[in-house]
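**Student:** Following is a predicted model, sequence given first.
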Protein chains: 2
Amino acid sequence: MTTTGAAVGRGQHARRRVLSAALEVLTEVGMPGFTMESVARRAGASKATLYRHWSSPSALLVDAMDAEFRPSPDLDTGDLRADLVTLLTGLATGLTGSRFPTLMAAFTDAAERDPTLADLHAELTRRRREPLLRLLATAVGRGELPADTDTELVVDLLAAPFFYRRLIAHHAIPSAMPGAVVDHVLPSLGGG
Amino acid sequence: MTTTGAAVGRGQHARRRVLSAALEVLTEVGMPGFTMESVARRAGASKATLYRHWSSPSALLVDAMDAEFRPSPDLDTGDLRADLVTLLTGLATGLTGSRFPTLMAAFTDAAERDPTLADLHAELTRRRREPLLRLLATAVGRGELPADTDTELVVDLLAAPFFYRRLIAHHAIPSAMPGAVVDHVLPSLGGG
């Protein structure tokens, strides 16, 4: 048991080192330089070891992004406005950090030339939208929002301004922005 | 006069060829390969000629972006909703094309590593926001929107979902989206 535990521990540690190295490589050289070889070199592992765990650089990348930037856990205190502000504050914090926006920008550009990466970026985005979507669906379910609420569009309206500010307009995200965005979007939805 | 006209014509033609070559180079190889030399080669011009007109690759890039993607002309029919939908439809059309989103993505990524390009991208974005901002300011001026409307935030709310769909979520932009976005944002502004 002890031996197995230690082996698993070592394996987990090595796995985390590779995932961390993957994001370092991506942040520094962008997608063009992101190869199994460059990640192996950074992690001090062999390419063969990487290929034993990940079938392709894309597969490695998805795991690395998921390990570092877990989607927010589900949240439902019953106060829709407060819960939306909490989730958007998490998004704003991520986009105010240095690593998440740089990686999103690298995906954004590389996806233009690589359909596989575009699908992968779409999937990462889809997963990160889920807590917001579920929160809105729950509010629809309890009659707080109208049954015909276009929850996908509402998530766009709520989340997009933060990405846009940071990656397109290159402006600061003030701490009051999550509340202001929610207060601009919620009233138009009607319901009660 | 004829000679001057022809000379100006030739000059203008050469200028357009260089600006067009600049965007081709940027689209194909991204920002890392965007040099005066690569653009000169593509345009069939000398590097010296390029430097006579543009002091740096950044200056050339701004001109090239401005020449190809002019911000929408000002618009004010007196019907705020219709005018907003018209401007956002123009944005949606640009983002549905192949060239504008690819170039925006290249800027987005390169800006992470180059503060000069980040400023330049911010300036390009600022100029493209102006028609929307002026439209909202006019509506505030005639009392159609409240005096305390945060027009900058409202432009974020209106424009951001289109960039987000195309560059982050990698989803189609349906033709009804401009109207739907406006109808989600306008009611919360109050006024009347």
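**Tutor:** That came through, no problem. Numbers count the residues shown, from 1 in each chain, chains lettered A, B, ... in the order given.

**Student:** care to break chain A down by domain?
**Tutor:** For chain A, automatic domain parsing gives the domain ranges A:2-66, A:71-189.

**Student:** Is it possible to get CSV of those domains that adds distance to chain B, mean pLDDT and mean neighbour count?
**Tutor:** All C-beta atoms are positioned from the backbone trio N, CA, C, and that covers glycine. Shown next, in CSV, are the domains of chain A (distance: least, Cβ to the nearest Cβ, whole Å; pLDDT from 0 to 100; neighbours: other Cβ atoms under 10 Å in any protein chain shown):
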stretch, distance to chain B, mean pLDDT, mean neighbour count
domain A:2-66, 6, 83, 16
domain A:71-189, 3, 92, 18
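
**Student:** out of those, which comes closest to B:T89?
**Tutor:** B:T89 lies closest to domain A:71-189 among these, at 16.1 Å (Cβ to Cβ).

**Student:** Report the distance from that closest one to the chain centre.
**Tutor:** Centroid separation for domain A:71-189 versus its chain: 10 Å, with Cα atoms, centre = their mean, to the nearest Å.

**Student:** Also stretch A:22-37?
**Tutor:** 18 Å.

**Student:** what's in contact with it?
**Tutor:** A:38-39, A:42-43, A:47, A:50-51, A:54, A:57, A:60-61, A:64-65, A:68, A:99, A:102-103, A:106-107, A:109-110, A:114, A:117, B:30, B:32, B:109, B:113 (Cβ atoms under 8 Å, 6 or more residues apart in numbering or on different chains).

**Student:** Tell me which of the domains of chain A lies nearest to B:R142.
**Tutor:** By Cβ to Cβ (comparing all of those), the closest turns out to be domain A:71-189, at 21.0 Å.

**Student:** So which of the contacts of stretch A:22-37 are in strands?
**Tutor:** Counting by DSSP state E, no part of these is found in strands.

**Student:** Just those residues: which are in helices?
**Tutor:** A:38-39, A:42-43, A:47, A:50-51, A:57, A:60-61, A:64-65, A:68, A:99, A:102-103, A:106-107, A:109-110, A:117, B:109 (DSSP state H).

**Student:** Just say helix, strand or coil for A:D119.
**Tutor:** Classification of A:D119 by DSSP: H, G, I helix; E, B strand; the rest coil places it in helix.

**Student:** Excluding residues flanking it in the chain, which one is nearest it?
**Tutor:** Using Cβ to Cβ, 6 or more residues apart in numbering or on different chains and skipping the chain neighbours, the partner closest in space to A:D119 is B:H170 (7.4 Å).

**Student:** I'd say that neighbour and A:A122 touch.
**Tutor:** Yes. With contacts counted by Cβ atoms under 8 Å, B:H170 reaches A:A122, the gap being 3.9 Å.

**Student:** what is in contact with the two at once?
**Tutor:** Counting by Cβ under 8 Å, 6+ apart, B:H170 and A:A122 have no contacts in common.

**Student:** and the nearest residue to A:D150 once chain neighbours are set aside, what element?
**Tutor:** Spatial nearest neighbour of A:D150, chain neighbours left out: B:A180 (7.0 Å); criterion: Cβ to Cβ, 6+ apart. Using DSSP states H and E, the element containing B:A180 is helix B:177-185.

**Student:** what's the angle from that helix to helix A:177-185?
**Tutor:** Between helix B:177-185 and helix A:177-185, the angle comes out at 100 degrees (axes from the mean of the first three to the mean of the last three Cα atoms, to 10 degrees).

**Student:** Okay then, goodbye and thanks.
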